[in-house]
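the following comprises the amino acid sequence and a computationally predicted model.
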Amino acid sequence: MATAIIGTGNIGGTLARHLVRGGEPVVLAAKDEAHATALAQELGDLARAASVEDAIAEADAVVFAVWLDTTKELIATDAQLLENKVVVDPSNPLGFDASGQMIRTLPEGQSAGSVVATLLPGGAHYVKAFGTLAADTLASAANREPRAVLFYATDDDTAATTIERLIQAAGFEPLKAGGVADAGRIEMPGGDLHQAGLNGALLDRDEAHAAVAAET
Ligand SMILES: NC(=O)c1ccc[n+]([C@@H]2O[C@H](COP(=O)([O-])OP(=O)(O)OC[C@H]3O[C@@H](n4cnc5c(N)ncnc54)[C@H](OP(=O)(O)O)[C@@H]3O)[C@@H](O)[C@H]2O)c1
């Protein structure tokens, strides 16, 4: 089955390109379906566009590559469709104020992952992943030698198996940073394992293991 990517902007578009290059079929959805259609046409036979609901229904894994507030809205609308799906959440606790300034949208110490995980139906398999690098780095750092690590956080074995496959297909080395309680470590602002918390560094596997083990 395909991976649904909801949102075809900086993160969703980059991820779709990487996954298709890695041989993974994707089904793309955006707020404006024309954006998903244009990207699917660019990516060829392994990609197609659909509505958000159809994309979720047809996939076994769903990446919400949208802003946190939109993720919350879409989960509320489509909760039943997410039963038994792997739900991949790259969101940071960020949004925009009335003047367009980026602001933190959750209290200090509360992770987006901890919020999103609790909104899902009981049968969904939650994992925080694909938001640990700035989008331009995610775009440029795939398939390096040695491979750059992408951290993930989950309490769920099914989600871990799926995200390891997807991270490898995208051209990166997967490494578990911990469970949902540790999701804040791979989010920004404030996460010590997010690229922003690593002063922009990309880590190989040994460096990443050491960073996970380091006291925070
Ligand atoms: N940008 C980064 O460097 C970065 C890094 C790490 C994590 N993140 C996280 O990744 C997420 C996405 O960020 P981004 O920079 O990729 O955002 P973005 O470029 O603004 O793209 C947002 C996408 O969401 C879609 N969207 C909005 N409302 C929707 C709806 N109701 N239904 C379906 N799709 C909808 C938009 O559709 P349209 O194309 O039709 O407008 C657009 O494709 C955020 O949670 C962010 O915190 C971003």
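Thanks, I have the structure now. Only a predicted model underlies this, so the values are computations on that prediction, with no experimental measurement involved. Numbers count the residues shown, from 1 in each chain.

quick one: low-confidence parts of the protein?
Within the chain, the stretches falling below the threshold (pLDDT under 70) are 215-216.

center of it - which residue?
Of all residues in the chain, the one closest to the mean position by C-alpha atoms, centre = their mean is P90, 3.1 Å from it.

relative to G197, how far out is it?
Counting by C-beta to C-beta, to the nearest Å, the separation of P90 from G197 is 16 Å. To be clear about C-beta, it is placed using only N, CA and C from the backbone, and glycine gets the same treatment.

likewise T37?
Using C-beta to C-beta, one obtains 36 Å as the distance from T37 to G197.

neighbours of A170, how many?
24 (other C-beta atoms under 10 Å).

tell me the contacts of it?
With contacts taken as C-beta atoms under 8 Å, 6 or more residues apart in numbering, A170 has the following neighbours: 15, 18-19, 22, 130, 142, 150.

quick one: which of the residues you listed sit in helices?
With helices defined by DSSP state H, the entries of the contacts of A170 inside them are 15, 18-19.

return the member of those nearest to A134.
Distances from the ones in helices among the contacts of A170 to A134 were compared by C-beta to C-beta; the smallest belongs to L15, at 13.4 Å.

in what helix or strand does S91 lie?
Using DSSP states H and E, no element contains S91; it sits outside every helix and strand.

that one is in contact with V63, isn't it?
No - using C-beta atoms under 8 Å, S91 makes no contact with V63, being 10.4 Å away.

name the residues contacting each of the two.
The contact lists of S91 and V63 share no entry, where a contact means C-beta under 8 Å, 6+ apart.

C-alpha coordinates for stretch 62-70, CSV please?
Listed in CSV are the C-alpha atoms of stretch 62-70, where the atom choice follows Å, rounded to 0.1, in the frame of the first residue of the first chain:
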residue,chain,number,x,y,z
VAL,A,62,-0.2,8.7,6.8
VAL,A,63,2.2,11.6,7.1
PHE,A,64,0.6,14.8,8.3
ALA,A,65,3.0,17.3,6.7
VAL,A,66,0.9,20.3,7.8
TRP,A,67,1.0,22.8,10.6
LEU,A,68,0.1,21.5,14.1
ASP,A,69,-3.2,23.2,14.2
THR,A,70,-4.2,21.7,10.9
